[in-house]
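Peer 1: Sequence first, then the predicted structure:
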Amino acid sequence: MECVLRPCRAEDCAEVVRMIKELAEFEKLPDQVEISDQVLREDGFANNPFYRCLVAEVPPEHRSRDGHTVVGYGLYFFTYSTWKGRNIYMEDLYVMPEFRGKGIGKKLMSKIAEIGVENRCSQMKFVVLDWNRAAIDFYQGHGAVDLTAAEGWHFFHLEGDALKQLARGQLGQ
Amino acid sequence: FKDFKVHPPASDPKLAINSQVLILDLLEDGFGEHPFYHCLIAEVPKEGQIGSSCIVGYAMYYFTYDPWIGKLLYLEDFYVMEPYRGLGIGSEILKRLSQIAIKTNCSCMHFLVVIWNKPSIEYYVRRGALDLSTEEGWHLFRIDKENLLRMASGE
């Protein structure tokens, strides 16, 4: 099946938000999605975009059961390591269930890897949920190493009231 | 060294943070047209030398994106030289970073800590940080340059 990868355009944001919600649903965390089409547009298409996005599109004759031709996306941005310099961070990689098994996910990830290499990035990083066996196998098949298991790296976040208290110079709890 | 200043550095070629990333890379990547990172430094006056100061700590950060909630501030490195710890420099750096996060409409601050680094874990948990790897099962994965090249060439 013919599938084209191209940079996301501002008018694709509604479709990307739809797929962001589908991915969150799959990750069993749908209540955490607060993004809107408008915010995604502002943040991705301003002077200094905060992210970049590729979409996978199929021709109209192969559209999904619900009538969508944008069937997958890869959202990424550049990060930095004091040890290795520029990195590329793959934040989201998603293909609609009915379009899986056709190599679209691999194509998206390869394109992001290519963009990383073109931009002198020394590594790609991303996170996966520990129960998502299919994704872990997919990534490990491409040489990915689980740094949380291998080296003990844990992700922390500071938000909401704790962040505000820190900003005021107080200890949070 | 009771008085210290925390501020963004001017382009200082002497800001050598590590051995693998060249100073020239740091200059280009931090002060070029598209900065890949931002940096705060903590300076103290040099004892006995009026008008002179030395750098004793730094925090490297950049902005990342969570498609669920939008902009985030990511703290990549946070370091205060040992003789200058326990003086509130780290707290002041975190305070400035939090203010930057709020001012730039970031929903939260993210960072990584190695799980056996108990003092660091306690330092952050005391300030309200939550371990998402333990709480929600997120694991960090890395694909190195060799495998990136392989993927980029379509293998």
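Peer 2: Structure's in. What do you need?

Peer 1: need the helices for chain B, in chain order.
Peer 2: B:23-31, B:89-103, B:118-126, B:132-136, B:145-152 (DSSP state H).

Peer 1: swap that for chain A, please
Peer 2: A:13-26, A:37-44, A:104-118, A:133-140, A:147-151, A:160-167.

Peer 1: Most tightly packed of the helices of chain B?
Peer 2: Of all those, helix B:89-103 has the most neighbours on average by mean count of other CB atoms under 10 Å in any protein chain shown, namely a mean of 19. For the C-beta atoms, the positions are set from N, CA and C on the backbone; glycine is no exception.

Peer 1: helices or strands up against that one?
Peer 2: If you count contacts as 3 or more CB pairs under 8 Å, 6 or more residues apart in numbering or on different chains; DSSP states H and E, helix B:89-103 packs onto helix A:160-167, strand B:5-7, strand B:38-45, strand B:53-66, strand B:70-80, strand B:108-114.

Peer 1: For the longest one, enumerate its sheet partners and note whether each is parallel or antiparallel.
Peer 2: If I follow you right, that is strand B:53-66. strand B:38-45 (antiparallel), strand B:70-80 (antiparallel) (DSSP bridges).

Peer 1: Which helix or strand in chain B has the lowest average pLDDT?
Peer 2: Lowest by mean pLDDT, DSSP states H and E among the helices and strands of chain B is strand B:5-7, with a mean of 55.

Peer 1: if we can go back for a sec, mean neighbour count, the helices of chain A: which tops it?
Peer 2: Buried most deeply of those, by mean count of other CB under 10 Å, is helix A:104-118, with a mean of 20.

Peer 1: Dump the strands paired with strand B:53-66 into CSV; add mean neighbour count as well.
Peer 2: Formatted as CSV, the strands paired with strand B:53-66 follow (neighbours: other CB atoms under 10 Å in any protein chain shown):
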stretch, mean neighbour count
strand B:38-45, 20
strand B:70-80, 20
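
Peer 1: Relative to A:Tyr139, which of those is closest?
Peer 2: If you check each of the strands paired with strand B:53-66 against A:Tyr139 by CB to CB, strand B:70-80 wins as the nearest, at 21.0 Å.

Peer 1: What about whichever residue of chain B sits closest to chain A, how many residues nearby?
Peer 2: Chain A sits closest to B:Gly128 of chain B, with a gap of 2.5 Å, by CB to the nearest CB. Neighbourhood size, B:Gly128 [other CB atoms under 10 Å in any protein chain shown]: 20.

Peer 1: thought it was touching A:Lys164?
Peer 2: No. Contact criterion CB atoms under 8 Å: B:Gly128 and A:Lys164 do not qualify, at 9.6 Å.

Peer 1: any chance of the helices and strands packed on helix B:89-103 in a markdown table, plus distance to A:Ile136?
Peer 2: A markdown table is the format used below for these (distance: least, CB to CB, whole Å):
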| stretch | distance to A:Ile136 |
| --- | --- |
| helix A:160-167 | 30 |
| strand B:5-7 | 40 |
| strand B:38-45 | 33 |
| strand B:53-66 | 21 |
| strand B:70-80 | 23 |
| strand B:108-114 | 19 |
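
Peer 1: wait, which of those is closest to B:Leu140?
Peer 2: Judging the helices and strands packed on helix B:89-103 by CB to CB, what sits closest to B:Leu140 is strand B:108-114, at 6.8 Å.

Peer 1: Okay, buried residues for the closest one please.
Peer 2: B:108-113 (16 or more other CB atoms under 10 Å in any protein chain shown).

Peer 1: other SSEs contacting that strand?
Peer 2: Partner elements for strand B:108-114 (3+ CB pairs under 8 Å, 6+ apart): strand A:153-159, helix A:160-167, strand B:70-80, helix B:89-103, helix B:118-126.

Peer 1: tell me the mean pLDDT for the fourth one?
Peer 2: Per-residue pLDDT values over helix B:89-103 give a mean of 92.

Peer 1: Kindly export that helix (C-alpha atoms) in PDB.
Peer 2: Only the C-alpha atoms of helix B:89-103 are listed here, as PDB (Å, rounded to 0.1, in the frame of the first residue of the first chain):
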ATOM      1  CA  ILE B  89      23.300  27.700  45.400                       C
ATOM      2  CA  GLY B  90      21.500  24.700  44.200                       C
ATOM      3  CA  SER B  91      18.200  25.900  45.700                       C
ATOM      4  CA  GLU B  92      18.700  29.300  44.000                       C
ATOM      5  CA  ILE B  93      19.400  27.600  40.700                       C
ATOM      6  CA  LEU B  94      16.200  25.500  41.000                       C
ATOM      7  CA  LYS B  95      14.200  28.600  42.000                       C
ATOM      8  CA  ARG B  96      15.400  30.400  38.800                       C
ATOM      9  CA  LEU B  97      14.700  27.400  36.600                       C
ATOM     10  CA  SER B  98      11.100  27.100  38.100                       C
ATOM     11  CA  GLN B  99      10.600  30.800  37.500                       C
ATOM     12  CA  ILE B 100      11.700  30.400  33.900                       C
ATOM     13  CA  ALA B 101       9.400  27.400  33.500                       C
ATOM     14  CA  ILE B 102       6.400  29.300  34.700                       C
ATOM     15  CA  LYS B 103       7.200  32.400  32.700                       C
END
